[in-house]
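**Q** Let's see this in three dimensions:
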Amino acid sequence: MISRDDLLHVGHTQKPYGIRGEIMILFRRAEYAGIDAEFYFLEIDGIPVPFAVEEFTYTTDVSARVKLEDVNDEKQASRYVNMKVLLPLEAVNEMHTQNEEWEFFVGYSIMDQHGEILGVIREVDNTTINVLFVVQNDETELLIPATEDFIVAVDEENKLLEMYLPEGLTDE
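**A** The predicted model follows:
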């Protein structure tokens, strides 16, 4: 059993949403909403109770509609209104570690799939749900999603990040 000391208060439940048993969660910080959690703990009578997450849909950067397992209608969901939402500290620390890993690439140049150098990563913006590279070139500043899905190769010796970027992402 998980101890209350191993959990972090990341938000609270709000009202039910729809008739399928979804409930709105308001997170204290956008980065908490971005944690891919299999379970949320709801504090019920001072005891953290785990609920498996069936579906998760962002509504804003700090709120989401969440369908919890075995909560199947609006009446059941209404039982869990205004409760603290908790996550294991381990999951929160893992998210921080992943964000810090992107900081490694500050100072790297980004080359796209056409062999064009787009600029140099000046900083990493992790204030939104999606972590972004802030890339500076001679004329402009570009915001490029920091995701492994776009990275083709990393050349540490030449500080070069080769990325395959969707069409239109770097258009001004």
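**Q** make it CA atoms for all contacts and neighbour counts henceforth
**A** OK.
**Q** So which residues of this protein form helices?
**A** Assigned by DSSP state H, the chain shows helices spanning 30-33, 74-78, 89-103.
**Q** For the longest one, give the mean pLDDT please.
**A** Read that as helix 89-103. Mean pLDDT, computed over helix 89-103, is 72.
**Q** hmm, back to that, need the winner for burial among the helices of the chain.
**A** Highest mean neighbour count of the helices of the chain: helix 30-33, a mean of 21 (counted as mean count of other C-alpha atoms under 10 Å).
**Q** And for it, what's in contact with it?
**A** Residues from elsewhere that reach helix 30-33 (C-alpha atoms under 8 Å, 6 or more residues apart in numbering): 10, 27, 61, 62, 63, 64, 92, 126, 127, 128, 129.
**Q** Report the central residue of the chain.
**A** Nearest to the geometric centre of the chain sits residue 34, at 2.0 Å (C-alpha atoms, centre = their mean).
**Q** Check the offset of the strand ranked longest in the chain from the chain's centre.
**A** In the chain, taking DSSP state E as the definition, the longest strand is strand 47-60. Per C-alpha atoms, centre = their mean, to the nearest Å, the displacement of strand 47-60 from the mean C-alpha position of its chain is 14 Å.
**Q** could you dump that strand to PDB, C-alpha only?
**A** Provided in PDB are the C-alpha atoms of strand 47-60 (Å, rounded to 0.1, in the frame of the first residue of the first chain):
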ATOM      1  CA  ILE A  47      -7.300   8.100   2.600                       C
ATOM      2  CA  PRO A  48      -5.700   8.000  -0.900                       C
ATOM      3  CA  VAL A  49      -7.800   5.600  -3.100                       C
ATOM      4  CA  PRO A  50      -6.400   4.600  -6.500                       C
ATOM      5  CA  PHE A  51      -8.600   4.800  -9.600                       C
ATOM      6  CA  ALA A  52      -7.400   3.500 -13.000                       C
ATOM      7  CA  VAL A  53      -7.600   6.000 -15.800                       C
ATOM      8  CA  GLU A  54      -9.600   4.800 -18.800                       C
ATOM      9  CA  GLU A  55      -9.600   8.000 -20.900                       C
ATOM     10  CA  PHE A  56      -7.900  11.400 -20.600                       C
ATOM     11  CA  THR A  57      -8.900  14.400 -22.700                       C
ATOM     12  CA  TYR A  58      -7.300  17.800 -22.300                       C
ATOM     13  CA  THR A  59      -9.800  20.700 -22.100                       C
ATOM     14  CA  THR A  60      -7.100  23.400 -21.300                       C
END
